[in-house]
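Enquirer: Everything below, folded, please.
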Amino acid sequence: MPEETSAASSSGSVEEKPCSSSSSSSAAPADSSVDVMEEAKKLIGTGNRHLVMGDVVSAVSVFQDACSML
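Expert: Purely as a prediction, here's the structure:
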């Protein structure tokens, strides 16, 4: 169960980053879209790790976060 807590807290902090980068997106839209893609790829990797470990609930949550960013 600690994995679910860490996944929830990490996905919460990840959701904050697009908000802060979206404010700077007017300055450099290409740069922020690259940041969003990198962050989404990290989330997908985290979701894959959760699947390998058998934590399907956390994997689905992280995949949802990644999809919402894209």
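
Enquirer: Point out where the protein drops to low pLDDT.
Expert: 1-28 (pLDDT under 70).

Enquirer: Check whether residue 35 sits in a helix, strand or coil.
Expert: helix (DSSP: H, G, I helix; E, B strand; the rest coil).

Enquirer: Buried residues in stretch 35-46, which are they?
Expert: 35, 36, 39, 40, 43, 44, 46 (16 or more other CB atoms under 10 Å). C-beta: built from backbone N, CA, C; applies to glycine.

Enquirer: Sitting in helices, which of these do you find?
Expert: 35, 36, 39, 40, 43, 44, 46 (DSSP state H).

Enquirer: Check those residues against residue 70 and report the nearest one.
Expert: Taking CB to CB as the measure, residue 70 sits nearest to residue 40 out of these, at 5.4 Å.

Enquirer: pretty sure that closest one is touching residue 68, no?
Expert: No: applying CB atoms under 8 Å, one finds residue 40 not in contact with residue 68, separated by 9.1 Å.

Enquirer: hang on, the earlier thing: please convert the ones in helices among the buried residues of stretch 35-46 to JSON lines, extending it with distance to residue 58.
Expert: As requested, those are arranged in JSON lines below (distance: CB to CB, whole Å):
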{"residue": "35", "distance to residue 58": "23"}
{"residue": "36", "distance to residue 58": "21"}
{"residue": "39", "distance to residue 58": "17"}
{"residue": "40", "distance to residue 58": "17"}
{"residue": "43", "distance to residue 58": "11"}
{"residue": "44", "distance to residue 58": "13"}
{"residue": "46", "distance to residue 58": "9"}
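
Enquirer: Just the CA atoms from stretch 58-70 would do, formatted as CSV, please.
Expert: What follows is stretch 58-70, C-alpha atoms only, in CSV (Å, rounded to 0.1, in the frame of the first residue of the first chain):
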residue,chain,number,x,y,z
SER,A,58,-1.5,2.8,-9.4
ALA,A,59,-0.6,2.0,-13.0
VAL,A,60,-4.0,3.1,-14.2
SER,A,61,-3.9,6.3,-12.2
VAL,A,62,-0.5,7.2,-13.6
PHE,A,63,-1.5,6.4,-17.1
GLN,A,64,-4.6,8.6,-16.7
ASP,A,65,-2.3,11.5,-15.6
ALA,A,66,0.0,10.9,-18.6
CYS,A,67,-3.0,10.9,-21.0
SER,A,68,-4.5,14.0,-19.5
MET,A,69,-1.2,15.8,-20.1
LEU,A,70,-1.2,14.8,-23.8
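
Enquirer: This completes my enquiry, with thanks.
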